[in-house]
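Undergrad: Okay, predicted coordinates and the sequence, questions at the end:
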Amino acid sequence: MITDAVDVTRELAAFLRSRRERLDPRDFGLPSSRKSRRTPGLRREEVAELAGVSVDYVVRLEQARGLRPSVDVVEALAGALRLPPDERAYLFGLLRHRPHADGKAATTASPSLVRLLDDLSPRPAMVLNHRFDLLAWNTEMTRVLLDFDTLPPRERNAIRLCLLHLRVRELYVDRDRVVRDGIAHLRTAWAAHPEDRELADLITECVTGDEEFARLWAERDVKVNGRGHKTMRHPVAGEIVVEFETLVPVQDPDQFLVIYRGADEDSRSALDGLCVTSAR
């Protein structure tokens, strides 16, 4: 029976029980004959041992007796029950917990996103990860910003470019705001991915090597800019205002698709002319 509100305790109990019962004991090197098992799946004591909790705790969870397991216990239960990513996310969401981040950043754009970049032409678009590493882009984006293929892979990072690359530094009319927003966004990513060593190294490098970054980082501003506008002084198209929209694919949550479009008629005309020029 479905009601308007979720009874978390009862749904948690039913979900854990259903996932325990669907497991095949043979996958764990355990006997599976009907003589030794009266019910399908693993026994509660077997799940308890795998998760490192008491049998009584598993019993109380499955009997909906009001327990709210901690993040660590939910992680252990998800591992013991061998939950796939979607079911693991459901379990954490049910308990209003955020799972531990594994710290791994996407290093290549998914093939479907690469194809989408081509499909979005003539709209400039690119794919970044949570570190602001540039993973993929279409030709139109290289005409707006710069040809990323000419850069060493390590330098293909939006924060590094905005701070250090001369052309990109001079591109934004309101560069101070762009840098401030980017650093505030980076701090949010840093908190969400505390185990990402490369992200920590990037921040350390910027703090020690760039006074502007160090000053803004110390202000501890936090902001996620998924959409907005930027005014650019482009060497070919002149002054243009672009609107940007950031989309996050459900299947690839560490890949951010950023799309540019002209914010007004003059900017759209200039941007279209620039992109048509790139196709010739």
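TA: Yes, it's here. Numbers count the residues shown, from 1 in each chain.
Undergrad: Surely P31 and R43 touch.
TA: No. Between P31 and R43 there is no contact under CB atoms under 8 Å: 11.0 Å. The way it works is simple: take the backbone N, C-alpha and C, and place the C-beta from them, glycine included.
Undergrad: Need the residues touching each of these two.
TA: R37 (CB atoms under 8 Å, 6 or more residues apart in numbering).
Undergrad: Neighbour count for those two, which is higher?
TA: R43 (17 against 9; other CB atoms under 10 Å).
Undergrad: the bottom helix or strand of the protein by mean pLDDT?
TA: In the chain, the helix or strand scored least confidently by mean pLDDT, DSSP states H and E is helix 265-279, which has a mean of 81.
Undergrad: residues of that helix that come out buried?
TA: 267-268, 270-272, 274-275, 278 (16 or more other CB atoms under 10 Å).
Undergrad: count of neighbours near the residue lying closest to P31 once chain neighbours are set aside?
TA: With sequence-adjacent residues excluded and distances taken as CB to CB, 6 or more residues apart in numbering, P31 is closest to P25, at 6.5 Å. By other CB under 10 Å, the residues close to P25 number 17.
Undergrad: Repeat that for L91.
TA: 22.
Undergrad: L77 is in contact with that one, correct?
TA: Yes. Here L91 reaches L77: they are 7.4 Å apart, a contact under CB under 8 Å.
Undergrad: hmm, back to that, in JSON lines, list the buried residues of helix 265-279 along with distance to L83.
TA: What follows is the buried residues of helix 265-279, written out as JSON lines (distance: CB to CB, whole Å):
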{"residue": "S267", "distance to L83": "47"}
{"residue": "R268", "distance to L83": "47"}
{"residue": "A270", "distance to L83": "50"}
{"residue": "L271", "distance to L83": "45"}
{"residue": "D272", "distance to L83": "48"}
{"residue": "L274", "distance to L83": "48"}
{"residue": "C275", "distance to L83": "45"}
{"residue": "S278", "distance to L83": "46"}
